[in-house]
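> Predicted structure and sequence below. I'll ask about it afterward.
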Amino acid sequence: MHSLMKRRSLFLLGLLLVLALGVGACAAPASAPAETGAGGEEAAAPAEAAAPAEGGRTLNILYWQASSIPNPYLSGGTKDIDAAALVIEPLAVYDEEGNLVPRLAAEIPTLENGGISEDLTSITWKLRDDIVWSDGTPFTADDVVFTWQYCTDPEMGCAQSDRFNNVASVEAVDEHTVVVNFDVAKPYPYDAFTGNVNPILQKAQFQDCMGAAAQTCSDQNLGPIGTGPFKIDEFRVNDVVLYSKNENYRDADSVYFDKVTFKGGGDAASAARAVLETGEADYAWNLQIEPQILDEMAAAGKGTVVTAYATNVERILINFTNSTPDAGELRSVYMGGENPHPFLTDPAVRQALSMAIDRNVIAEQLYGAGGQATCNILPGPPKYASPNNDDCLVQDIDGANALLDEAGIVDTDGDGVREKDGVPLKILYQTSTNSVRQKTQALIKQWWAEIGVETELRNIDASVFFGGDPNSPDTYQKFFSDVEMYTNGSSGLDPQLYMSNWQCDQIPTPDNGWQGNNMPRWCSEEYDATFQELTTTAGDEARAELAIKLNDMLVQNYVMLPLVYRGSVSAYANTLDGVRMNAWDSEMWNVAEWSRK
């Protein structure tokens, strides 16, 4: 029986790939921007990359997920974080090996240099004294203190609030010294103000945008004043960002490009084609494309495909709340556990969904060198990868059916769909518009049908899905579906900040502007207690043990179904020099060093 199901799955995959290869040479795979969007409105046309300006001083970047807002505190989307990374900077960034390197800080604080207190309750950052904002005013410690106050305002709903877990206060000792005080000993004290998700905002620009006013400050949010190598000249929401060189940048003379065009829209295939085949663009991000098609494009010889692994995992997230439209204003609202999903709160259903999936087929045929089948939410670095969940690598349709039969979840009316307590197992499965993701959806829909689960597929334009608009019903934070699929991962080598995402207080709600990171709305006192233990535990071995325990709680409770350990795959033109692919931070982390050969 197992081999029969395997052959049927492979046959279906073969059909999908034949279709993909048949259109790959002449047209991009179907995508929402070129069709009618999920909300019924016609979306924008695919991106057309502008040709590099004469003289080679314009850098053309394609992110097929167009940026909505260059403020990481109001959006957790990579497209928005990366658009901001050209302009606003943190105290330190992670390099391509996951190591912290100073940016606005003069050095990385350590126990050895006295920057970290011996009791681990404070960290002192010494700031560079040669930094000014793009408007020419000095960057000072007051800006750092303000950024903490801005994000931790309880009325704001900050997307990066978990960066400040256990931060009791942030003090400006003098103009160029900041002390971060913790209310517990912090074995890893570097979360706050590091990585491009946690940059410093200019106090003078944002001081009237605190709390509930944060979302209303359009001029500030769409044109932040920064300390980075470029400044925003024009921001067209969900379309394009135009930048020019920041003449007040500390190393302005070493910045090669005078202008940057950060174009969004279209799809991964058209972005790849613009770099690898037509030469219209210099850099294309997140090329989630079938490996056969990407290899054909790269053969044109105009660009180079680069891959880097960190902790990114493509996963299916389970909604533990009632996500049906009938719930009205309570749709996907946690309500302290009093608004449960009618059947996905049953562990037998979640486990059966996982057992029915063939992760190896998805990884090998749809990701190639850019992905590996995985059973972990935290797949790396290797010391943090759990060895306890590898059974998910073997598809087991028969076992999934038996599990549901034993739980009494059966098809009582002969329509091919099982019911739990009279509720049919019908799932709305949403993700962003992307050829690989739609093929993954199609495969999983077929496998779930084989265990008596009916699946409706929905794809949403990526700029909307990851946009973070609190007024949109189509964002991944709102999660107005039964399951959803996307990639997420850790920033930096230590797992603490990443594993904080699934604490109870990280559940998105209307009260926090839907900005929490616990998308499944799963709440576990045991998980929270184990996480708090991690925050006070020192030593690599002990921290790895706790990180694995947290991972196993998520995986073994089927809160999320990990599918593929994804490498970050992008491409750059062969005329471009200085690109250092980075999966630990923004891929724009060293854009100031890029130049034309």
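Yep, that arrived.
> count of neighbours near Asp208?
Counted with other Cβ atoms under 10 Å, the neighbours of Asp208 add up to 10. To be clear about C-beta, it is placed using only N, CA and C from the backbone, and glycine gets the same treatment.
> so how far is Trp133 from it?
The gap separating Asp208 from Trp133 is 17 Å, by Cβ to Cβ, to the nearest Å.
> cool, Tyr476 as well?
33 Å.
> which one of the two has more residues nearby?
A count of neighbours by other Cβ under 10 Å puts Tyr476 above the other of Tyr476 and Trp133, at 27 against 23.
> residues contacting that one?
Going by Cβ atoms under 8 Å, 6 or more residues apart in numbering, Tyr476 touches Phe465, Phe466, Glu484, Tyr486, Met519.
> and what of Ile200?
Ile88, Glu89, Pro90, Leu91, Leu104, Phe139, Asp143, Val144, Thr147, Phe193, Thr227.
> What are the phi and psi values at it?
The phi/psi pair for Ile200 (degrees, to the nearest 10) reads phi -90, psi 130.
> again with the one 10 residues further on
Dihedral angles phi and psi of Met210 (degrees, to the nearest 10) take the values phi -80, psi 150.
> So what's the residue count around the residue nearest to it when sequence neighbours are not counted?
Closest residue to Met210 apart from its sequence neighbours, by Cβ to Cβ, 6 or more residues apart in numbering: Asp153 at 5.3 Å. Here the number of neighbours of Asp153 (other Cβ under 10 Å) works out to 17.
> wouldn't Asp153 be in contact with Gly211 here?
Yes - Asp153 is within contact range of Gly211, at 4.4 Å (criterion: Cβ atoms under 8 Å).
> buried residues in stretch 390-398?
By 16 or more other Cβ atoms under 10 Å, the buried positions in stretch 390-398 come out as Cys392, Gln395, Asp396, Ile397.
> what residues are up against the residue nearest the centre of the chain?
Centroid check for the chain by Cα atoms, centre = their mean gives Asn488 as the closest residue, at 4.2 Å. By Cβ under 8 Å, 6+ apart, the contact list for Asn488 reads Asn312, Val313, Arg315, Asn501.
> hang on, the earlier thing: which one of the contacts of Tyr476 is nearest Trp589?
Proximity of these to Trp589 (Cβ to Cβ) peaks at Phe466, which lies at 19.5 Å.
> State the distance from that closest one to Trp514.
Taking Cβ to Cβ as the measure, Phe466 falls 13 Å from Trp514.
> hey, what's in contact with both of these two?
Contact criterion Cβ under 8 Å, 6+ apart; residues shared by Phe466 and Trp514: Thr475.
> what's the helix or strand for Leu546?
Element membership for Leu546 (DSSP states H and E) is helix 540-556.
> other SSEs contacting that helix?
Applying 3 or more Cβ pairs under 8 Å, 6 or more residues apart in numbering; DSSP states H and E, one finds that helix 540-556 contacts helix 496-499, helix 525-535.
> For Tyr256, which of those is the nearest?
Closest approach to Tyr256 among the helices and strands packed on helix 540-556 is made by helix 496-499 (33.2 Å; Cβ to Cβ).
> Let me see the mean pLDDT of stretch 359-377.
Stretch 359-377 shows a mean pLDDT of 95.
> And stretch 159-179, by the same measure?
So the average pLDDT for stretch 159-179 ends up being 96.
> how about it: buried residues?
With burial defined by 16+ other Cβ under 10 Å, the residues of stretch 159-179 counted as buried are 159-167, 170, 172, 176, 178-179.
> ok, back up a step: mean neighbour count, the helices and strands packed on helix 540-556: which tops it?
Of all the helices and strands packed on helix 540-556, helix 496-499 has the most neighbours on average by mean count of other Cβ atoms under 10 Å, namely a mean of 24.
> Just the CA trace of that one, in CSV.
Extracted in CSV, the C-alpha atoms of helix 496-499 (Å, rounded to 0.1, in the frame of the first residue of the first chain):
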residue,chain,number,x,y,z
GLN,A,496,16.9,32.1,22.3
LEU,A,497,15.2,34.9,20.3
TYR,A,498,13.9,32.6,17.7
MET,A,499,12.4,30.1,20.2
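> How far off centre is it?
Relative to the centre of its chain, helix 496-499 is centred 14 Å away, using Cα atoms, centre = their mean, to the nearest Å.
> Give the full set of residues in contact with the nearest residue to Ser568 once chain neighbours are set aside.
Nearest residue to Ser568, sequence neighbours excluded (Cβ to Cβ, 6+ apart): Ala583, at 4.3 Å. By Cβ under 8 Å, 6+ apart, the contact list for Ala583 reads Glu96, Ala308, Tyr309, Ala310, Thr311, Asn312, Gly489, Gly567, Ser568.
> Quick one: mean pLDDT over stretch 455-470.
For stretch 455-470, mean pLDDT is 91.
> part of a helix, is Ala172?
No - counting by DSSP: H, G, I helix; E, B strand; the rest coil, Ala172 falls outside a helix, being strand.
> Number of residues surrounding the nearest residue to it once chain neighbours are set aside?
Setting aside the residues directly before and after it, Ala172 is nearest to Ala141 in space (Cβ to Cβ, 6+ apart), at 3.6 Å. Residue neighbour count, defined by other Cβ under 10 Å, stands at 20 for Ala141.
> and the gap between Ala141 and Pro381?
Taking Cβ to Cβ, one finds Ala141 at 33 Å from Pro381.
> swap in Tyr565?
Separation of Tyr565 from Pro381 (Cβ to Cβ) stands at 12 Å.
> out of the two, which sits in the busier spot?
Using other Cβ under 10 Å, the more surrounded residue of Tyr565 and Pro381 is Tyr565, with 26 against 16.
> so who does the more buried one touch?
Residues near Tyr565 by Cβ under 8 Å, 6+ apart: Tyr309, Asn312, Val313, Ala363, Gly371, Gln372, Ala373, Thr374, Asn376, Pro379, Gly380.
> Quick check: the farthest pair among the residues you listed?
Ala363 and Gly380 (15.3 Å).
> what kind of secondary structure is Arg273 in?
Classified using three-state DSSP, Arg273 is helix.
> From what I see, it and Met297 are in contact.
Yes - the pair Arg273 / Met297 is scored as a contact, 5.9 Å apart, by Cβ under 8 Å.
> pLDDT weak spots in the protein?
Along the chain, the parts satisfying pLDDT under 70 run over 1-56.
> Break it down into its structural domains.
31-35+42-85+228-310+568-597, 88-219, 313-566 (automatic domain parsing).
> okay, those domains, which one's buried deepest?
Most buried of the domains of the chain by mean neighbour count (mean count of other Cβ under 10 Å) is domain 31-35+42-85+228-310+568-597; its value is a mean of 21.
> Distance from it to the middle of the chain?
Distance, centroid of domain 31-35+42-85+228-310+568-597 to centroid of chain: 17 Å (Cα atoms, centre = their mean).
> Same question for stretch 329-344.
In terms of Cα atoms, centre = their mean, the centre of stretch 329-344 is set 24 Å apart from its chain centre.
> ditto for stretch 146-153
Distance of stretch 146-153 from its chain centroid, counting by Cα atoms, centre = their mean, is 22 Å.
> Touching it from outside, list them.
Contact with stretch 146-153 is made by 73, 156, 158, 160-161, 163-164, 167, 170, 180, 192-193, 199-201, 203, 206-207, 209-211, 214, as judged by Cβ under 8 Å, 6+ apart.
> Could you tell me which of those belong to helices?
Counting by DSSP state H, the contacts of stretch 146-153 place Lys203, Phe206 in helices.
> Counting only strands, which of the contacts of stretch 146-153 make the cut?
Using DSSP state E, the members of those that fall in strands are Val167, Val170, Val180.
> Redo those as CSV? Include distance to Val260.
Formatted as CSV, these follow (distance: Cβ to Cβ, whole Å):
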residue, distance to Val260
Val167, 33
Val170, 32
Val180, 32
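> State the distance from the nearest residue to Asp511 once chain neighbours are set aside to Trp589.
Leaving out its chain neighbours, the residue that sits closest to Asp511 by Cβ to Cβ, 6+ apart is Gly157, at 7.9 Å. Per Cβ to Cβ, Gly157 is found 27 Å from Trp589.
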